[in-house]
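> sharing a sequence plus its predicted fold:
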Amino acid sequence: MKSNAIKKGLERVPHRALLYATGIPHSEMNKPFIGVATSFTDIIPGHTGMRDLERFIEKGVHTGGGYPFFFGIPGICDGIAMGHKGMHYSLASRELIADMVETVAEAHQLDGLVLLTNCDKITPGMLMAAARVNIPSIVVTGGPMHSGNLRGKRLSLVNDTFEAVGKFKKGLISTSELSDLEMCACPGAGSCQGMYTANTMACVTESLGMSLPGCATALAVSAKKRRIAFNSGARIVDLVKKKITPRKIMNLKAFENSIKVDMALGGSTNTVLHIPAIAHEAEVDLPLELFDRISKQTPHIADMLPGGAHYLEDLEYAGGIPAVLKRFKKSIYNVNTVSGKKIHSIAQDAEIMDSEVIRPLNKSHHKEGGIAVLKGTLAPDGAVVKQSAVSSRMMKFKGIAKVFNSEELTMKAVLAGKIKPGDIIVVRYEGPKGGPGMREMLSPTAAIAGMGLSDSVALITDGRFSGGTRGPCIGHVSPEAMESGPICIVKDGDTIAIDIPGRKLDLLISKKEAENRFKKLKHIKPKIRKGWLARYAALVTSASTGAVMKNTN
């Protein structure tokens, strides 16, 4: 066992003394040491129920024959961090989380890891760490929240609070209605109720083979989730004994399976950042173009919020990820999973209990998957759009640019009524370096949707979008403005052409005009020049490569 490095031999007398000081019985010292990385916190709804799951993981580890050691990992709620300085820290926290799990696991020579996670950057950060340290690991995602309910109408966070801001500004709802919505939209513990980033990453994790079957959609407060937590605790000990490490699970074929499920569900565009980052740590080459290739081959079969009608609880009751895998059994790779079962076996044993929520392939909502990768004169290295959440009339669109150098300036213009049909909002200097931290633009996109402009206004940014974004919102424009990408020379009044079916994003100015603008270019100063975010900005790479940190060696 790896932990023998801290508990075996004469020279480890002081190490054992410290371990005994924790209360570990002598009889447990020879068992596998299992680290349980828990991201419990009182401030994230997706994580407030984790104290309960910790107990069941602990019981499972003991039952399996291991000894658990819990350690804390911080988390950020993207919803609470949205629309202000806090969002600079969200994507950057992914790197800190990976580093912290690596640090504790390596410093204490742990034999295995149970990674208890749920929300947006915490799940990919933990998976990055698992791939990096490559000791047996299993992920337990905390589960989605139940839908809210107000006078018989089901509610979700994004559609009924973020978009309510725009509706209120336009006079479509009253102050009392707004107050009722904010009290009722989120009824308790769990990740937000649609196919936003947290739930998308949970589904990706399960289809990647890194969590037990059914884990992704099992509801946060359910007995089923408790049982999955217990079984995960027991299973990690088997993984340690059999030396089944993350890189034996997370190979290229497994990543392709996870991308296919992501496309079928119409998941968050943030996966185009997170999956490549996880693959990078697993030393798997996964280019941006792979997402587009798989999307073109994968029908969109689940009409999930925010662009669709179904909640995560609907997907759970329809059979969850195993049922989605069943639809694609003939086109997915039969790879191993942490459960000990292969993907085809999981798919074969699944039952599809609602064929409207998880449609047959020949009755899909769209012929292609949820995400499209666009390239052109505005985005030579690529840009990303959730095409499943774009109306048919906006799949091809020419508009007039209105340019802003920050999210705050954009939001001010939107709420002031300065955005009109036919406009294309360009938000720049919000990329990984320019943000720094590549902030999500949910506040302005939700306000646009709430004001009824989703079918007449587009938004383009070198930042990114929440999984809750819907409409013609194109993010991850690369190279970003701070790296002198073409987005930095766009001017008010320029014409921009969007062609999602043709995978094109073009700034319609002449080559000579572009060259003249680059010669006269003066960048804005970095928004944050001290602390962790300044260091992050100096080392982070492009969105097209997953916004991973440069290796300084």
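On my side now, so go ahead.

> what sits against Ser339?
Gly209, Leu212, Pro213, Arg235, Ile346 (Cβ atoms under 8 Å, 6 or more residues apart in numbering). Backbone N, C-alpha and C define where each C-beta goes, glycine included.

> measure it to Glu368 for me?
From Ser339 across to Glu368, the span is 30 Å (Cβ to Cβ, to the nearest Å).

> and what of Ala131?
From Ala131 to Glu368 the distance is 29 Å (Cβ to Cβ).

> residues touching the most centrally placed residue in the chain, list them.
Central residue of the chain (Cα atoms, centre = their mean): Thr197, 3.8 Å from the mean position. By Cβ under 8 Å, 6+ apart, the residues touching Thr197 are Asp78, Cys119, Asp120, Ser268, Asn270, Thr271, Ser466, Gly467.

> higher neighbour count, Ala131 and Glu368?
A direct count of neighbours by other Cβ atoms under 10 Å for Ala131 and Glu368 places Ala131 higher, at 24 against 20.

> tell me the gap between the helix or strand containing the more buried one and the middle of its chain.
If you go by DSSP states H and E, Ala131 is part of helix 122-133. Averaged C-alpha coordinates place helix 122-133 at 13 Å from its chain's average position (Cα atoms, centre = their mean, to the nearest Å).

> list the buried ones in that helix?
Ile122, Thr123, Pro124, Gly125, Met126, Leu127, Met128, Ala129, Ala130, Ala131, Arg132, Val133 (16 or more other Cβ atoms under 10 Å).

> name the nearest of these relative to His476.
Taking Cβ to Cβ as the measure, His476 lies nearest Pro124 of the buried residues of helix 122-133, at 15.1 Å.

> need the pLDDT of the closest one.
What the model reports for Pro124 is a pLDDT of 98.

> what's near enough to touch it?
Arg94, Met201, Leu273, His274, Ile275, Ala277, Ile278.

> mind redoing it with 6 Å?
Taking Cβ atoms under 6 Å, 6 or more residues apart in numbering as the contact definition, Pro124 lies against Arg94, His274, Ile278.

> name the element the last one belongs to?
Assigned by DSSP H and E, Ile278 belongs to helix 271-281.

> got the angle for that helix vs helix 122-133?
Helix 271-281 and helix 122-133 are oriented at 20 degrees to each other (axes from the mean of the first three to the mean of the last three Cα atoms, to 10 degrees).

> do a quick rundown of the helices in the stretch 201-350 of the chain.
Using DSSP state H, counting those that start in this stretch, the helices of the stretch 201-350 of the chain run over 223-241, 246-249, 252-265, 271-281, 289-297, 312-318, 320-327, 343-349.

> would you map the helices across the stretch 1-150 of the chain?
4-7, 13-21, 50-64, 78-81, 88-107, 122-133.

> swap in the stretch 351-500 of the chain?
For the stretch 351-500 of the chain, applying DSSP H, counting those that start in this stretch gives helices covering 407-415, 442-450.

> go through these and name the closest to Ser331.
Using Cβ to Cβ, the nearest of these to Ser331 is helix 442-450, at 32.4 Å.

> now the closest one: mean pLDDT?
89.

> what's in contact with that helix?
82-83, 162-163, 165-167, 410-411, 414, 457, 459, 466, 468-469, 471, 473.

> the inter-axis angle of that helix versus helix 407-415?
Using the same axes, to 10 degrees: helix 442-450 against helix 407-415 is 20 degrees.

> circling back to that earlier point, for the buried residues of helix 122-133, give me CSV that also has distance to Cys488.
Output for the buried residues of helix 122-133, formatted as CSV (distance: Cβ to Cβ, whole Å):
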residue, distance to Cys488
Ile122, 32
Thr123, 32
Pro124, 28
Gly125, 30
Met126, 34
Leu127, 33
Met128, 30
Ala129, 34
Ala130, 37
Ala131, 34
Arg132, 33
Val133, 38
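
> nearest to His108 among those?
Among the buried residues of helix 122-133, Val133 lies closest to His108 (Cβ to Cβ), at 11.4 Å.

> quick one on the thing from earlier: which of the helices of the stretch 1-150 of the chain is buried the deepest?
Highest mean neighbour count among the helices of the stretch 1-150 of the chain (mean count of other Cβ atoms under 10 Å): helix 122-133, with a mean of 28.

> quick one: the strands in the chain?
Using DSSP state E, the strands found in the chain span residues 33-38, 67-72, 112-117, 137-141, 148-150, 153-155, 371-376, 379-386, 396-404, 423-427, 458-461, 473-478, 495-499, 504-507.

> most neighbours per residue, which of the ones you listed?
Most buried among those, given mean count of other Cβ under 10 Å as the contact rule, is strand 137-141, at a mean of 30.

> check which helices and strands that strand sits against.
Secondary-structure packing of strand 137-141 (3 or more Cβ pairs under 6 Å, 6 or more residues apart in numbering; DSSP states H and E): strand 112-117, helix 223-241.

> hang on, the earlier thing: how far off strand 371-376 does the helix holding Ile278 point, in degrees?
90 degrees.

> helices or strands next to helix 271-281 in the packing?
Counting by 3+ Cβ pairs under 6 Å, 6+ apart, helix 271-281 packs on helix 122-133.

> ok, back up a step: let's have the helices of the stretch 351-500 of the chain in CSV, adding distance to Thr22 and mean neighbour count.
As requested, the helices of the stretch 351-500 of the chain are exported to CSV (distance: least, Cβ to Cβ, whole Å; neighbours: other Cβ atoms under 10 Å):
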stretch, distance to Thr22, mean neighbour count
helix 407-415, 46, 19
helix 442-450, 43, 27
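
> out of those, which gets nearest to Leu374?
helix 442-450 (17.0 Å).

> quick revisit: can you lay out the helices of the stretch 201-350 of the chain as a markdown table showing distance to Gln109?
Listed next are the helices of the stretch 201-350 of the chain as a markdown table, based on distance: least, Cβ to Cβ, whole Å:
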| stretch | distance to Gln109 |
| --- | --- |
| helix 223-241 | 13 |
| helix 246-249 | 17 |
| helix 252-265 | 27 |
| helix 271-281 | 20 |
| helix 289-297 | 35 |
| helix 312-318 | 38 |
| helix 320-327 | 33 |
| helix 343-349 | 32 |
